[in-house]
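Asker: A structural model of the following input is requested.
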Amino acid sequence: MEPRSVERAVEELIRALGLDPAREPELKETPARLADLYAEVFSGLDPGTRPSPVTFPQEGGEDEVVAVRDLTFYSMCVHHLVPFFGVAHVAYVPAGKIVGISGPARILDHHSRRPQLQERLTREVADHLEEILAPRGLLVVLRARHLCMEMRGIRRRGEVETRVARGVLAGAAGHALFPERTSEPGA
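Answerer: Have a look, this model is predicted:
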């Protein structure tokens, strides 16, 4: 990403919206602030930031399940460039190795830091974990609110859930780990 190019584009957007930084001095630093924000929020576009979490030999038995719940994430809708955010749950059945405890969070952060579709994000997290672990089973569940739905169009709050289930967690075992919601969010 080229920060100065982003700044120029934001300056143009500000003018296209009919705003004038000369009349509204709080807009003066907005282009630089937005360029800094985008550098962070879209850092996943840089292939050099792809994490390689540490793995360890599995010491447990074959019935072991590793689950990480309630990992918060923030991303930007690829269609509208407004945030969607929520929690992720990751589970896997090891096949000889496990990942360090921060590994799933680092993988989620990397793939969410780009303009994204929730469905693709779920799949990319699952693919990345499968690549480094080759587990017997894998389940990734993302639950998110989308501001593109809440701020415009239908203007309703809702939660979108996406799942990728593979191997021994593709059936009832995976649903038992992270049951689907049966009530409205916040109910």
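Asker: got the buried residues for the helix ranked longest in the chain?
Answerer: Ranked by residue count and defined by DSSP state H, the top helix of the chain is helix 118-133. Using 16 or more other C-beta atoms under 10 Å as the test for burial, helix 118-133 gives Gln118, Leu121, Thr122, Glu124, Val125, Ala126, His128, Leu129, Glu130, Ile132, Leu133. Quick note: C-beta positions are derived from backbone N, CA and C, even for glycine.
Asker: same check, this time on stretch 61-78
Answerer: Val65, Val66, Val68, Leu71, Phe73, Ser75, Met76, Cys77.
Asker: Pull the CA coordinates from that stretch and hand them back as PDB.
Answerer: Presented in PDB, the C-alpha positions along stretch 61-78 are these (Å, rounded to 0.1, in the frame of the first residue of the first chain):
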ATOM      1  CA  GLY A  61      -4.400 -39.500  22.800                       C
ATOM      2  CA  GLU A  62      -6.300 -39.900  19.600                       C
ATOM      3  CA  ASP A  63      -9.600 -38.600  21.100                       C
ATOM      4  CA  GLU A  64      -8.100 -35.200  21.900                       C
ATOM      5  CA  VAL A  65      -9.900 -32.100  20.700                       C
ATOM      6  CA  VAL A  66      -8.300 -28.700  20.800                       C
ATOM      7  CA  ALA A  67     -10.800 -25.800  20.900                       C
ATOM      8  CA  VAL A  68     -10.300 -22.000  21.000                       C
ATOM      9  CA  ARG A  69     -13.400 -20.000  21.600                       C
ATOM     10  CA  ASP A  70     -14.500 -16.400  21.300                       C
ATOM     11  CA  LEU A  71     -11.500 -15.000  19.300                       C
ATOM     12  CA  THR A  72     -12.600 -11.500  18.400                       C
ATOM     13  CA  PHE A  73     -12.000 -10.300  14.900                       C
ATOM     14  CA  TYR A  74     -12.500  -7.200  12.800                       C
ATOM     15  CA  SER A  75     -12.600  -7.000   9.000                       C
ATOM     16  CA  MET A  76     -13.800  -4.800   6.200                       C
ATOM     17  CA  CYS A  77     -16.600  -5.800   3.800                       C
ATOM     18  CA  VAL A  78     -15.100  -6.100   0.300                       C
END
